[in-house]
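**Student:** Curious how this folds, go ahead:
(chains A, B, C and D)
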Protein chains: 2
Amino acid sequence: MGADRTSPVTLRMLADRLGLHVSTVSRVLHAKPDESHRAASSATVERVRRLADELGYRPNPHATSLRTQRSNLIGVLVPRLSDIVLATIYEGIEEAAGEHGLSTFVTNTRDVPDFQRARTDMVLARRVDGMIFGDAYIDAGFLGEVAARGVPFVLVSRRAGDYPSVTCDDYLGGRMVGEHLLSLGHRDVAVVAGEPYASTGIDRSAGFADAYAEAGIEIPAHRFTHSRFDARGGHEATERLLAAGDPPSAIFAVNDFAAIGAFGAVRDHGLRVGADVAVAGFNDTPLAAELPVPLTTVRSPMHEMGRRGLELLARLLQGEEVSSERLRPELMVRASTTAVLT
Amino acid sequence: MGADRTSPVTLRMLADRLGLHVSTVSRVLHAKPDESHRAASSATVERVRRLADELGYRPNPHATSLRTQRSNLIGVLVPRLSDIVLATIYEGIEEAAGEHGLSTFVTNTRDVPDFQRARTDMVLARRVDGMIFGDAYIDAGFLGEVAARGVPFVLVSRRAGDYPSVTCDDYLGGRMVGEHLLSLGHRDVAVVAGEPYASTGIDRSAGFADAYAEAGIEIPAHRFTHSRFDARGGHEATERLLAAGDPPSAIFAVNDFAAIGAFGAVRDHGLRVGADVAVAGFNDTPLAAELPVPLTTVRSPMHEMGRRGLELLARLLQGEEVSSERLRPELMVRASTTAVLT
DNA sequence: ACGTTTGGCCCAAACGTTTGGGCAATCGCA
DNA sequence: TGCGATTGCCCAAACGTTTGGGCCAAACGT
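**Tutor:** Sure thing, here's the model as predicted:
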């Protein structure tokens, strides 16, 4: 029964077979109940519907888009899909998109500006109705250009400028980790802070630092180090922290993968995670709890973030006013952070 | 300069401004060098080109697709993008697609047949030129239907039936692990075998079992257990293996995430990975080397697999004959597998 | 000098929809 | 019976491309 590839069934085919005009068929298949009854007699409606799904009619989206100037496509840019955080966010986006009759178009930019630009152009050339950026730089220069072109968009994961975004409350999450480590007696701590252009790392570090500041402890600058967001990056950054000797008693890595990298570096220095050096991460990816030393981390609602991001964009496309959302994180205490040795 | 959202520039705009016919402009902007010179004088060609990129002309892909009956879109189905293996494969696909002037459309099916069907329909409704399945069931029933509809497609990651696929040589990879563990003296081993419908798990297990069989050791049936491919699934499966008491001296989990889950279960039973129970994984995901106990695993060329998959499909779309490819794996020995205690 | 090629461009018909207008027949109602 | 409203449908013009044919003038060949 389904549409055969050789001959996709068109409105005209249906119309011809039914002895109706193509416009009539279109209206019948299209309109909400209230209109369809104005479009044809209920008997006709029935006939049309039956034939349509007997033949497996699927409207040609190119024709539709061409005519309506709306593609029902939305473009999604992420640094890399092989980052489980972004992948999970994207899953949320895709799920919600399905419910809105939208299709998504996702592409990797590796966090490099030239790629962001190029991919944005490509996506726009595909005539998407709107975009979701998961790779925003905190300095929102590029986004400004996009906005100037009149493209509706929202941000997920990272915030930037005053553009509508759906993020985790990263600052709060950072505070939670700070307070937790303080409560365990850690006074000499270090931060693997992520990329300097990502609000996630910035806000998490800031929340963490503020928690310590309020306890009267200023974390010295050399205890902060930037890093890529993957395991290798976390490893290298931690290596730098540890290289000088005089290891901190605890390390906060602003995401789980960097934390796992920190595990590796700590191990390489003959130290034990938990016992010798506490390590905390961020995101509560599914691996965190399974590690040989389970990772203390902050659960961020990644899937939900994606969903909300799409909803936000959908509302934007309806012409509604929207404002940013900040989702609540939750601290997950596990074995990688234990009380400081006294 | 770029195209403003409010008024995408069309061929007609260019034509009018240049005092040319739209078809002329089309040919100029389109044709390969040899034809363009037949389409207009070189002076005209120059004028057209200049204006086109001054105004940032981008052909409307919907119009083009409608006219040419070709979308330059390809649909990609994966179980889940939050699985780093599939995400990495997809990155390869996307990269290669870009080089071929194709755009990809990826969607999650969670490995559930109803979703595969539904998503396939949706993707086909979008009029893709071809598809790549990363979620094939070994019983290729559904793929048969797709093939019957005349849709060109290839498989990646998993093989099925005689459809063209690009996979890792999973059987060989399994053998490698088997031989490695044998060489370490492990005689009582168990396998966390993945989903029963995925060729990856099946082939890896088979290669492993055959290596043992050739050494004169038949691994008993109760030492095999199926599992989901994520950490949680690996944990549960390993739990089942260990629940009976009498733990094996080594466990082969058919992917890294399941292996990490195995770490968790082993840990929960008061055993140490490496020292008490050897654990090996598959894929060499970036985390494997960073774990507190680095994971012995098999490197599979995931990115490359994606690239090759797309190339294969591209050739298929050109009407060429294609045949499956099997990529070579490489054993990565690390600390999680040590010699059996004597 | 007269056909033939060629260069340089234009015409018009598609591709499959959507949608503002029509228009004839029937209905409701006084 | 007359008249406006409603029902049920059809018409045709877009949307932006691509592409097989034309057509006219200039160049060419003999």
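**Student:** Low-confidence stretches in the stretch 1-150 of chain A?
**Tutor:** A:1-6, A:32-37 (pLDDT under 70).
**Student:** Try it again at 80.
**Tutor:** Screening the stretch 1-150 of chain A residue by residue with the criterion pLDDT under 80, one finds the ranges A:1-7, A:31-39.
**Student:** DNA strand D contacts on that one?
**Tutor:** Residues of the stretch 1-150 of chain A found near DNA strand D (C-beta under 7 Å from any atom of the strand) are A:19-24, A:27, A:37-42, A:44, A:63, A:66-67, A:69. (C-beta placed from N, C-alpha, C; glycine too.)
**Student:** ok, A:Ile93 to DNA strand C distance?
**Tutor:** Distance of A:Ile93 to DNA strand C, computed by C-beta to the nearest atom of the strand, to the nearest Å: 25 Å.
**Student:** returning to what we had before: which among the residues of the stretch 1-150 of chain A next to DNA strand D count as buried?
**Tutor:** Buried members of these, scored by 16 or more other C-beta atoms under 10 Å in any protein chain shown, are A:Leu20, A:Thr24, A:Arg27, A:Ala39, A:Ala40, A:Thr44, A:Ala63, A:Leu66.
**Student:** Which two of these have the greatest separation?
**Tutor:** A:Thr44 and A:Leu66 (27.2 Å; C-beta to C-beta).
**Student:** Need the three-state assignment for the spatially most central residue of chain A.
**Tutor:** Of all residues in chain A, the one closest to the mean position by C-alpha atoms, centre = their mean is A:Ile89, 3.7 Å from it. Three-state assignment for A:Ile89 (DSSP: H, G, I helix; E, B strand; the rest coil): helix.
**Student:** Would you confirm that it contacts A:Arg308?
**Tutor:** No - applying C-beta atoms under 8 Å as the test, A:Ile89 and A:Arg308 come out as separate, 10.0 Å apart.
**Student:** Quick check: neighbours shared by the two?
**Tutor:** A:Val156 (C-beta atoms under 8 Å, 6 or more residues apart in numbering or on different chains).
**Student:** burial count for the residue of the stretch 101-250 of chain A found nearest chain B?
**Tutor:** Per C-beta to the nearest C-beta, A:Gly150 is where the stretch 101-250 of chain A lies closest to chain B, at 3.2 Å. A:Gly150: 11 surrounding residues under other C-beta atoms under 10 Å in any protein chain shown.
**Student:** if I look at it, how far off is A:Glu320?
**Tutor:** 17 Å (C-beta to C-beta, to the nearest Å).
**Student:** What of A:Thr338?
**Tutor:** Look at A:Thr338 and A:Glu320: by C-beta to C-beta, they are 49 Å apart.
**Student:** re earlier: what is the neighbour count of the nearest residue to the residue nearest to the centre of chain A once chain neighbours are set aside?
**Tutor:** Once flanking residues are discounted, A:Ile89 sits nearest to A:Gly306: 4.0 Å by C-beta to C-beta, 6 or more residues apart in numbering or on different chains. Neighbourhood size, A:Gly306 [other C-beta under 10 Å]: 29.
**Student:** And the helix or strand that contains A:Gly306, what's buried?
**Tutor:** Take DSSP states H and E as the rule and A:Gly306 turns out to sit in helix A:302-317. Neighbour-count burial for helix A:302-317 flags A:302-314, A:316-317 (criterion: 16+ other C-beta under 10 Å).
**Student:** Packing partners of the next helix-or-strand element following it?
**Tutor:** Using DSSP H and E, the helix or strand that follows helix A:302-317 towards the C-terminus is strand A:325-327. Other elements packing on strand A:325-327 under the criterion 3 or more C-beta pairs under 8 Å, 6 or more residues apart in numbering or on different chains; DSSP states H and E are strand A:165-168, helix A:302-317.
**Student:** ok so, going back, comparing A:Thr338 and A:Glu320, which residue is more hemmed in?
**Tutor:** A:Thr338 (20 against 9).
**Student:** ok, that one to B:Glu46 distance?
**Tutor:** 72 Å.
**Student:** sorry, back to before: now mean pLDDT too, for the helices and strands packed on strand A:325-327, in CSV please.
**Tutor:** Putting the helices and strands packed on strand A:325-327 into CSV (pLDDT from 0 to 100) gives the following:
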stretch, mean pLDDT
strand A:165-168, 98
helix A:302-317, 98
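**Student:** Contact partners for the one residue in the stretch 101-250 of chain A that gets nearest to DNA strand C?
**Tutor:** In the stretch 101-250 of chain A, the residue that lies nearest DNA strand C is A:Gly101 (12.0 Å; C-beta to the nearest atom of the strand). By C-beta under 8 Å, 6+ apart, the residues touching A:Gly101 are A:Asn72.
**Student:** Assumed it was part of a strand.
**Tutor:** No - per three-state DSSP, A:Gly101 lies outside any strand segment and is coil.
**Student:** Mind jotting down where the strands sit in the stretch 1-150 of chain A?
**Tutor:** Assignment of strands within the stretch 1-150 of chain A using DSSP state E, counting those that start in this stretch yields the ranges A:73-78, A:103-108, A:130-133.
**Student:** gap between the residue nearest to the centre of chain A and A:Leu77?
**Tutor:** From A:Ile89 to A:Leu77 the distance is 12 Å (C-beta to C-beta).
**Student:** Now do the contacts for the closest residue to A:Thr10 other than its chain neighbours.
**Tutor:** Spatially, and ignoring its direct neighbours in sequence, A:Thr10 is nearest to A:Asn60 (7.0 Å; C-beta to C-beta, 6+ apart). With contact set as C-beta under 8 Å, 6+ apart, A:Asn60 has these partners: A:Pro8, A:Thr10, B:Leu66, B:Arg127.
**Student:** Identify the residues contacting A:Met305.
**Tutor:** So A:Met305 contacts A:Ile89, A:Gly92, A:Val156, A:Ser157, A:Val166, A:Thr167, A:Cys168, A:Leu327 (C-beta under 8 Å, 6+ apart).
**Student:** Look up how far chain B lies from the last one.
**Tutor:** So the one you mean is A:Leu327. A:Leu327 sits 18 Å away from chain B, going by C-beta to the nearest C-beta, to the nearest Å.
**Student:** and that residue, what are its bridge partners?
**Tutor:** Beta-bridge partners recorded for A:Leu327 (DSSP bridges): A:Cys168.
**Student:** Thanks a lot, see you next time.
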